[in-house]
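1. Sequence and predicted structure below; questions after.
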Amino acid sequence: MTYHREHLIHAIFALLVALAALVFSHSVVDDPQMVQSMARGLASPLTWPKLMLAGVSLCALGWAIEEGWKAYNVLPPELSKEEEALEFGDVGFEKDGDDIPLLPIILGLSLAMAYAFVIPWAGFTAATVVFLLLWLVVGGIRKPLQLFSVTLIGTVVLLYVFVKLALMPLDRGQGAFGEFTIALFRLLGIY
Amino acid sequence: MEAFSLLFTGLATVLQPSHFMMIVIGLAVGVIAGALPGISFVNAMAMALPFTYMMSPLDSMSFLGGIYVGGVFGGSISAILINIPGTPASLPACWDGYPMTKQGKSGRALTIAIAASATGGIFSALMLTFAAPPFAKFALRFDQPEFFAATFLGLVSIIAVAKSAPWISFLSLFIGLAIGTIGVDPLYGIPRLTFGVNDAQSGINFVVVMIGLFALGEVVEMLAKSEAVAKIQGKIRFERPKFVEMWALRWSVMRGTAIGSVIGMIPGAGATVGAVIAYGVEKQASPRGAEFGTGVPDGLTAPEAAKNATTGAAMIPLLTLGIPGSAATAIMMAALVLKGVTPGPMLFSMQTDLVYSIFASMLLANILMIIAGVVIARGFSHFMRVPPAILSGFIVVLSVLGAYGVRNNIFDVYVCMVFGVIGYLMKRYNFPAAPLILGVILGPLAERYFLTSLANYDNNLAIFVQRPISGTILGMSVAFIIWATLPSLIKKYRQRKAGVVA
């Protein structure tokens, strides 16, 4: 029996989402019975979350059925360019045929996540310098002068704007990183 | 008359050097960001949000309003010159603008685009000025059931954006609504869906989600595209528009402006919807409709007027009801809320000066956009030389700063990163992100209005339909769903009946 693989995968994904929503709806609070006894009238703390998770399950099931049908049946004609443009509004959509290499994307996302998780330990300054260096290398910037000048000047500008002017209490880091950050801020006149 | 004098007072305020500079800087940032493929005006506003933390409410709105107005237009520069829309709203500009460039008429195309955009935007700003206050007075009669009904209308309006994919649009919306329930509930103070994570008790802030989805989720592709997108051939010569030529396009401008002004007010719609619908309508209405796609000025004029006409109109539900009409106005709402300013009908009576100054800044931004558009278009080839890796790297850092700055909590940065990954996956697999963010923003509001309505009206569920205003708004919501989904359902039924083969 022939089927459209992409739509079948969508259908399975949708079913998993529906299942996840059902599981979550039983774990909204730690003690559901105690919470239910607190309810004053029709609505309890559980009402709205359970309604929304039920909505997730329902829509996921609807999507699963639609995709399941498409997987084993003929497909409607393609959207016109106007219909395609209307699909997702101001935030756009991915056009078919956009051939973007996956490795830089995986590297980029991993770098961004690592950057965020390292900040409390290494401090904003050190984490940002290392992140920008690595990001620019992944992005194809190879000239050392460009690499270091953009990274260092950019980081200093951000520190002045957000720490000195906006008084944002950015993480200084722990141990030696903390001491380094304070010393750097004093050198730059931020502290 | 009072409105005119308040507007002039507002103009006098925004013409002061500090406020004026904010508009100019915002416009420049917006046009550049809009013109650069890979960054939409929504991304630019999300990234600019951290900079508003140190500004006054008026400066924040002037800055973000400038980016909004400039960004909506800016995408047309790259659309016309290199056939790549800088923002989704500029996609129609590719269809008839780029063919004009291929015919050697790039300057003329840009001139028409700037003139039409400015006209639509100025009309929209005037409509905002004179229509918002009476609507705000009417909204003072709203109680909790009416606010719930208006929020409900905002939520269902998403169906207008993705009629061909209603299931995943509503799935995205409900996921956003569910995310909005994370944290302590508004009436009982019970933590929900926190799974023992203490930081999650303060909830998931929609600004953080927005920055993650719209800024971070987009930039990883810039990293992968390491070379410049395209080169512009030749020099751009701007032609001063001949009055006779522009006069001939007046009906296209008027149609586009009218469509954009109406579409912009609908919560959930935005500049893209306005532009695409205006193009479709103009194709039917113009005597040269059959030639659209070959470089017909009417095909460029109408969507350009429409998309800038949505900017002022989208601010009407934001300022009068506190319900953002689009992702862009959601960011503006975030800026106001962070300053302790609550948008809604009370804002018009308690901070009239601020409101009219915001109106004046929008009007001024649309007038100054003409100059910004010409200057940036001329220098467009230089901006295109900035390596995407450098731009995207600093966008990530600004996203981290933006997320951290909301509550000075590193947990928000982690949430932002997670949503960045989710945002990329959503974009890659064409899963709509806008309904999700709308759900995160409006969900907590809807729940609060719903619960307090029940508490105030003796747990009477029927109160939402018994009260005439809320009943009417809910009726409009149902009619909206039917109007939006019925044509596509009929079309699908006919196709299945006819046995259409792919």
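-> Received the coordinates, thanks.
2. Pull the CA coordinates from the helix or strand encompassing residue B:422 and hand them back as CSV.
-> Per DSSP states H and E: residue B:422 is located in helix B:410-428. Output of helix B:410-428 as CSV, limited to C-alpha atoms (Å, rounded to 0.1, in the frame of the first residue of the first chain):
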residue,chain,number,x,y,z
ILE,B,410,18.9,33.5,34.5
PHE,B,411,16.0,31.1,34.4
ASP,B,412,14.4,33.4,31.8
VAL,B,413,17.5,33.0,29.7
TYR,B,414,17.2,29.2,29.8
VAL,B,415,13.5,29.4,28.8
CYS,B,416,14.5,31.8,26.0
MET,B,417,17.1,29.3,24.7
VAL,B,418,14.6,26.4,24.8
PHE,B,419,12.1,28.4,22.9
GLY,B,420,14.8,29.4,20.5
VAL,B,421,15.3,25.8,19.6
ILE,B,422,11.6,25.2,19.4
GLY,B,423,11.2,28.3,17.2
TYR,B,424,13.8,27.0,14.8
LEU,B,425,12.1,23.6,14.6
MET,B,426,8.7,25.3,14.1
LYS,B,427,10.1,27.4,11.3
ARG,B,428,11.8,24.4,9.6
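3. what about it and chain A, any contact?
-> Yes: applying CB under 8 Å from any CB of the partner chain, one finds helix B:410-428 touching chain A at B:410, B:413, B:414, B:416, B:417, B:420, B:421, B:424, B:427, B:428. To be clear about C-beta, it is placed using only N, CA and C from the backbone, and glycine gets the same treatment.
4. so who does the one residue in chain A that gets nearest to chain B touch?
-> Closest residue of chain A to chain B, CB to the nearest CB: residue A:139 (2.3 Å). For residue A:139, the contact set (CB atoms under 8 Å, 6 or more residues apart in numbering or on different chains) comprises A:104, B:223, B:226, B:387, B:388, B:389, B:390, B:392, B:393.
5. so how far is residue B:217 from the last one?
-> Right, the one you point to is residue B:393. Counting by CB to CB, to the nearest Å, the separation of residue B:393 from residue B:217 is 15 Å.
6. isn't residue B:403 right up against residue B:418?
-> No: contact criterion CB atoms under 8 Å: residue B:403 and residue B:418 do not qualify, at 10.7 Å.
7. Spit out the contact partners of residue B:152.
-> B:446, B:473, B:474, B:477.
8. My error: substitute residue B:274 in the last question.
-> Contacts of residue B:274 by CB under 8 Å, 6+ apart are B:89, B:259, B:260, B:263, B:264, B:303, B:306, B:307, B:309, B:310.
9. residue contacts, whatever residue of chain B ends up closest to chain A?
-> Relative to chain A, the nearest point of chain B is residue B:389 (2.3 Å; CB to the nearest CB). Residues near residue B:389 by CB under 8 Å, 6+ apart: A:135, A:136, A:138, A:139, A:140, A:141, B:222, B:223, B:226.
10. Which of the helices or strands spans the first one?
-> Taking DSSP H and E as the criterion, residue A:135 maps to helix A:124-138.
11. can you state the direction angle for that helix and helix B:410-428?
-> Angle of helix A:124-138 versus helix B:410-428, following axes from the mean of the first three to the mean of the last three CA atoms, to 10 degrees, is 20 degrees.
12. returning to that earlier point: show the buried residues in the contacts of residue B:389.
-> A:135, A:136, A:138, A:139, A:141, B:222, B:223 (16 or more other CB atoms under 10 Å in any protein chain shown).
13. Run through the residues that contact the residue most central in space within chain B.
-> The C-alpha lying nearest the average C-alpha coordinate of chain B belongs to residue B:328 (CA atoms, centre = their mean; 3.6 Å). Residue B:328 is in contact with A:90, B:41, B:42, B:45, B:68, B:270, B:271, B:311, B:314, counting by CB under 8 Å, 6+ apart.
14. can you give me the helices in the stretch 251-400 of chain B?
-> B:271-285, B:297-321, B:327-338, B:345-350, B:352-378, B:380-383, B:388-407 (DSSP state H, counting those that start in this stretch).
15. residues of the helix holding residue B:422 that come out buried?
-> For helix B:410-428, the buried set under the neighbour-count rule, 16+ other CB under 10 Å, comprises B:410-424, B:426-428.
16. Check stretch A:59-66 too.
-> Those would be A:59, A:60, A:61, A:62, A:63, A:64, A:66, for stretch A:59-66 by 16+ other CB under 10 Å.
17. Likewise for stretch B:442-457?
-> Here stretch B:442-457 shows B:442-454, B:457 as buried, counting by 16+ other CB under 10 Å.
18. when you check chain A, which of those residues turn up near it?
-> Within the buried residues of stretch B:442-457, those near chain A by CB under 8 Å from any CB are B:443, B:447, B:450, B:451, B:454.
19. The fourth one against residue B:186, yeah?
-> Same thing as residue B:451. Yes: if you go by CB under 8 Å, residue B:451 and residue B:186 touch, sitting 6.6 Å apart.
20. In contact with the closest residue in space to residue A:4 that isn't next to it in sequence, which residues?
-> Leaving aside its sequence neighbours, residue A:4 sits nearest to residue A:71 (CB to CB, 6 or more residues apart in numbering or on different chains; 4.9 Å). By CB under 8 Å, 6+ apart, residue A:71 lies in contact with A:3, A:4, A:5, A:7, A:8, A:11.
21. for the longest helix along chain B, packing partners?
-> If you go by DSSP state H, chain B has its longest helix at helix B:106-139. Other elements packing on helix B:106-139 under the criterion 3 or more CB pairs under 8 Å, 6 or more residues apart in numbering or on different chains; DSSP states H and E are helix B:2-14, helix B:57-82, helix B:91-102, helix B:250-265, helix B:297-321, helix B:345-350, helix B:352-378.
22. follow-up on the earlier one: where does the residue nearest to the residue of chain B closest to chain A when sequence neighbours are not counted fall, phi/psi-wise?
-> Closest residue to residue B:389 apart from its sequence neighbours, by CB to CB, 6+ apart: residue A:139 at 2.3 Å. Torsion angles at residue A:139 (phi, psi; degrees, to the nearest 10) stand at phi -80, psi 0.
23. Can you give me the distance of residue A:8 to residue A:73?
-> Taken as CB to CB, the span from residue A:8 to residue A:73 is 12 Å.
24. Contacts only, for the residue lying closest to residue B:18 once chain neighbours are set aside.
-> The shortest distance from residue B:18 to any non-neighbouring residue, by CB to CB, 6+ apart, is to residue B:59 (7.1 Å). Contact partners of residue B:59, counting by CB under 8 Å, 6+ apart, are B:18, B:19, B:22, B:52.
25. correct me, but residue B:465 touches residue B:471?
-> Yes: Residue B:465 is within contact range of residue B:471, at 4.4 Å (criterion: CB under 8 Å).
26. Next secondary structure after the helix or strand where residue A:36 lies?
-> For residue A:36, the host element (DSSP H and E) is helix A:32-37. Downstream of helix A:32-37, the first helix or strand assigned by DSSP H and E is helix A:47-72.
27. Let's see which of the ones next to chain A among the buried residues of stretch B:442-457 end up in helices.
-> B:443, B:447, B:450, B:451, B:454.
28. Cool, thanks, talk later.
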